Each structure stands twice: as structure tokens, then as C-alpha cells.
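S.K.: model the structure of this input:
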Amino acid sequence: MGENLTVSILGANGTMGAGAACVFAGAGFDVIMLARDRDKAEAGLKAAQSAARAEAIADRIKLGSYDNDLESSVRASAVIFESLAEDLSLKRHFFELIDRFRRPESMVATGSSGLSIAEMSKGRSESFRRNFLGIHLFNPPHVIVGTEVIPGAETDQALVKSAVTMLTRRLGRKVIVTKDRPAFVGNRVGFKVLNEVAQLACEYGTAYMDYLIGPQTGRAMAPLATIDLVGWDVHKAIVDNVHQNCKDEAHSSFALPEFMNHGVTSGQMGDKTPDRGGFYRKSGAETMALNPRTGKYAPLKRPAPIEFVEQMKRLNRVGRYHDAVAVLRGASGDDADRCRRVVLGYVSYALVRVGEVAASAADVDSIMSYGFNWAPPTAIVDLFGARETVKMLENLKLAVPSVLEQAARDSAKLFGGGLLEYGRAFVG
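M.R.: Sure thing, here's the model as predicted:
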């Protein structure tokens, strides 16, 4: 796409809308940030400038409101990027307006984190449907470069190619193309693990679960802290969508814990509501941790050290990932069993998605590494060994993915990335 094309962003005052504005403007596009009113658009611009750490990106950004500027902005744009709340009816309302005003050749993209592309484009014109797709950026998009492109059944393949080229060459993204399934690849896999850990926190506690399934297991941030960063409302929208629309082997893992349902209803959203908190809350300089059973907070106390966890941390810090995984494989006791089930559950669930929603294991690896900052599942398989991984999955009664069965038969390595990708998330 050319140097001076215009991008309209709807929902520009939201976290992802402002982040998208930062990314597009930073790549040289002219951007129009649209929100309910001018003040909200101004707030979005300030957030974009803060993300970019450069006030000068405002030189490429104009502001507007839906009532006054939607029609003219959409008519002027080569790309219309929708980043509204995850509300299907709200999105469909705005797509109806966009369909009325857009140029026939313009690209319409939704930034939805998992809603159906088919449902969002239902009832729209044939031209709209051919030029409509999902572009799922991960939060924060100016830092996290993993991106999913999700075509609909009627999306023009030339548009898909154009979108991928724009995202990779102009915006510097790591892109995979996924099928139109609830939550796509990254959130489908990632939020299964996050919600599973939230379920376990009911029984074992917040601090314990974030310690047990911390960075030493191959993730840049502990799971419950990640949910707080994402927002409980966003987490709920994603897992409810999958739980309602996917009856797969991990269906129960997507049942939102009742304490989180209650929290969202009462306005407890995580980091975005610092006074109410989430799994954690600040009280002055002190960090408080939630007791999911009681709904009360108490000063965060570091769990008693667990030897295999501490060993893994020490080994990962010096790049001895194989040795760290060997510690996890050989550790005994309930703590180790619990940790292995979550880690191997991630591997199993992620690689079973190959063919269903992801084109390849490499695509799953890419989005989990560059979208979530988690260790690629095939890297974990190679660290355990394919045959050993199959044995452990069978012992845990977890699904054995076909790509893993083949690797075990062939005594083959699965991971195709370099050393950076191999160890980038083992930072504990």
C-alpha cells in the first residue's frame, strides 16, 4: 500500500484503538481517530502519543466523532479499522454505516479478539464482504508484534495477500492467517490456559498459582497478572465466546469461575480499575492479593519456595532450558503434577488446533511466541523430547496431537525457529 493512504480507526479512545493509531501513524499512514465525541478522540490521541513516546505522531492524525465525521472519514479512507467493544450488535450497527459510505475498493478490518467474521459481515453488501477481514492485534500493539489475519468465507484472497503485505512490510508485524473460529488461534489457546489457572486459584490461591505457573514455565508474565493486565471484562468476553461456541476437548476449561463473573458485574476489571483491583490490587505502596474463595484481599505473601520451581528459574536464567524442563519432567509431588498438567495441557491443546484453525504448528508457535510472549509449544516438545511428551500426555489423559504423533514416530524435531524464539519467554 502506498505512502499516503488514510486509515480511519473507530473506537480510537479504547486501548486497542489508540494502540492501532500509534502503529499505523508510526508506519507513515495518515490516520483519522474516531470516537463518540471529540474529547474521547483527544484522549485516544494522548494515549497513542504516550505509547509512541512521540508527540510528533499527531502530525499524521486527525480527530473526529461518529456523528460529525464518520461519513467523510470513511469515504476518504483506504482502510477502515474497527476497534469497538466486543459487542456483536454494536459492531454490526457500525458496519452497516461503513457499508453505506465506503469506497468500493477500501479494506474494512475488525480488530475483534475472537468474534465471528461471518456474523459480523452478515447482511452486508457483496463488495463489503469481499473486502472484509479480521486484523487481530495483540495488546499493547506498539510492543507486541504478533498479528492474526482472519478472512471470511467470501473475503477476496487478493485482499488477504494485500493485508499480510501491509502488516509485515509496512507495520513490521509477525503475521499468521487463521480460520474464522471463536477466538482464532492465539486467544483460543492462551485464554484456555489463563482461565484454567484462574479456576485452580479458587482452590490453591492467587499467589501460589502465579508462582507455580510463572515465567519459568515459558511465559513473560504470570497468568493471573496477565488476566489483570488484559482486563477481567475482556477475559470474560473471550472465554464465554469459546465456551458457548466450541465444544472441544477442553470445553470445561473455558467456564469462567463464578468469583470472576461476580467481579465483572461489580466493576472489578483488573488493572483498568485500580481501586477495585483484580487478582491483585495496590494499597498505597503495598500489593494486595485476592482470595477467590472469600473475595477479600490480604497483603501479598510470597509462597513457600518449591525446590523444582527454584531450580527451573536458576537454569532458565543462564539459558539451560533443556535442563530446566528435565527438572520439571522428573520432579515428584502434587505441585509438580499440577504444573505438568497445565504446561502439557497447553502443548496438547495448542497443537490439536493445527488443521482446525491454524494452518501449521509453525503458525501456532509464531502467534504464541510473538502474540503472547509464551514459549512456542513445539519448543517445549523438543525440550521434553517428542516420544517422552507423548508418554506424559497419555499418562495425563490429554489429547495427543497428530503432528506430535508423527514427530515421535520419526524421532523428529518439531520446532523450526531460532534461538531467540526458543528462549525468549523462558525468563523466570
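
S.K.: what sits against the residue nearest to the spatial centre of the chain?
M.R.: Centroid check for the chain by Cα atoms, centre = their mean gives residue 187 as the closest residue, at 4.7 Å. Residue 187 sits next to 113, 114, 136, 238 when contact means Cβ atoms under 8 Å, 6 or more residues apart in numbering. The C-beta positions use only the backbone N, C-alpha and C, and glycine is treated the same way.

S.K.: for the host helix or strand of it, the averaged confidence score.
M.R.: In this assignment (DSSP states H and E), residue 187 forms part of helix 186-204. What helix 186-204 shows for mean pLDDT is 98.

S.K.: buried residues in it?
M.R.: Of all the residues in helix 186-204, those buried under the rule 16 or more other Cβ atoms under 10 Å are 186-202, 204.

S.K.: same question for stretch 153-170.
M.R.: Buried residues in stretch 153-170, defined by neighbour count with 16+ other Cβ under 10 Å: 155, 156, 159, 160, 163, 164, 166, 167, 170.

S.K.: turn the contacts of residue 187 into TSV, including pLDDT, secondary structure and neighbour count.
M.R.: Output for the contacts of residue 187, formatted as TSV (pLDDT from 0 to 100; DSSP: H, G, I helix; E, B strand; the rest coil; neighbours: other Cβ atoms under 10 Å):
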residue	pLDDT	secondary structure	neighbour count
113	93	coil	23
114	94	coil	23
136	98	strand	26
238	95	helix	26
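
S.K.: per-residue pLDDT of residue 130, please?
M.R.: pLDDT, residue 130: 98.

S.K.: show me the contacts for it.
M.R.: Applying Cβ under 8 Å, 6+ apart, the residues near residue 130 are 154, 155, 156, 159.

S.K.: per-residue pLDDT, the third one?
M.R.: By that I understand residue 156. Note for residue 156: predicted pLDDT of 98.

S.K.: in space, what's closest to it - neighbours in sequence excluded?
M.R.: Distances taken as Cβ to Cβ, 6 or more residues apart in numbering place residue 130 nearest to residue 156, at 4.5 Å, with adjacent residues excluded.

S.K.: so the one you found versus residue 105, what's the distance?
M.R.: Here the distance between residue 130 and residue 105 works out to 10 Å (Cβ to Cβ, to the nearest Å).

S.K.: same check on residue 275?
M.R.: Counting by Cβ to Cβ, the gap from residue 275 to residue 105 is 47 Å.

S.K.: check residue 10 too.
M.R.: Taken as Cβ to Cβ, the span from residue 10 to residue 105 is 19 Å.

S.K.: which of these two has more neighbours?
M.R.: Applying other Cβ atoms under 10 Å to residue 10 and residue 105 shows that residue 10 carries more neighbours, namely 26 against 9.

S.K.: ok, that one touching residue 80?
M.R.: Yes: Residue 10 is within contact range of residue 80, at 7.3 Å (criterion: Cβ atoms under 8 Å).

S.K.: ok but residue 92 is inside a strand, no?
M.R.: No: counting by DSSP: H, G, I helix; E, B strand; the rest coil, residue 92 falls outside a strand, being helix.

S.K.: could you report the neighbour count for the nearest residue to it once chain neighbours are set aside?
M.R.: Nearest residue to residue 92, sequence neighbours excluded (Cβ to Cβ, 6+ apart): residue 120, at 6.3 Å. By the criterion of other Cβ under 10 Å, residue 120 has 22 neighbours.

S.K.: that'll do, ta.
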